[in-house]
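1. Generate a structure from the sequence data that follows.
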Amino acid sequence: MRQLKYLEKLEPFINVPLFTSTEAEKQGVPRHALAYLVKRGTLERIYPGAYRFSQYEPEVEFQWENLVLVAASIPEGVICLISALCYYGLTDQIMREVWIAVPHKSYPPKRPNTRIIRMRNIKLGKIKISLGEYNVHIFDRERCVVDAFRYLSKEIAIKSIQRYFQSAKYKPDPKKLGSYAKALRVNITPYILSYTT
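-> So this is what the prediction gives:
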């Protein structure tokens, strides 16, 4: 009977792609009740502290579902590096794990098949996008290219800047790219010049 009462309290989350145990507690549903509802198959535990109703059908494209679930479950996180480059079509790499940047001072959460990168300047180039019904943060294309030179192999970085300048879909912004590189102390001027002169 008590479980029925908890289910009623969780009704606002029935059509929500993801809710946290903290949000459930604010509705008067304790963590042990969430664990019981997961055991019963009513709820699905996506990650520690993140749940959704089992019958929930995500609207997001299948290829992005894991990415958005991880990103949505880390509110201060930003999709970065390989994951962001894949999203923008700036790499040939296959996204074998989800790459998420978190503020340098934060305690990085653990997620399966996820690489958490602690970054100091997390606000630069951070934008919000919608993937299906999820609103998540991702670095813009310019920040992704600069970060590729900072964190990834030279081969991946060169490919990303090449694709950035050759894109028919987006207009490259060499000025913005240069200012990001300067702010993040990365010298990519020779590469920018080779595509703009």
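2. Give the burial count for Glu155, as a bare number.
-> 11 (other CB atoms under 10 Å). For the C-beta atoms, the positions are set from N, CA and C on the backbone; glycine is no exception.
3. so it sits in a strand?
-> No: counting by DSSP: H, G, I helix; E, B strand; the rest coil, Glu155 is not found in a strand; it is helix.
4. Roughly how far does it sit from Arg163?
-> 13 Å (CB to CB, to the nearest Å).
5. And Arg120, by the same measure?
-> Distance of Arg120 to Arg163, computed by CB to CB: 26 Å.
6. These two: which is more packed in?
-> Using other CB under 10 Å, the more surrounded residue of Arg120 and Arg163 is Arg163, with 17 against 9.
7. Can you pull the phi and psi angles for that one?
-> phi -70, psi -30 (degrees, to the nearest 10).
8. can you pull the contacts of it?
-> Gly89, Leu90, Thr91 (CB atoms under 8 Å, 6 or more residues apart in numbering).
9. any chance of the residues you listed in CSV, plus distance to Leu37 and secondary structure?
-> Formatted as CSV, the contacts of Arg163 follow (distance: CB to CB, whole Å; DSSP: H, G, I helix; E, B strand; the rest coil):
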residue, distance to Leu37, secondary structure
Gly89, 40, coil
Leu90, 41, coil
Thr91, 40, coil
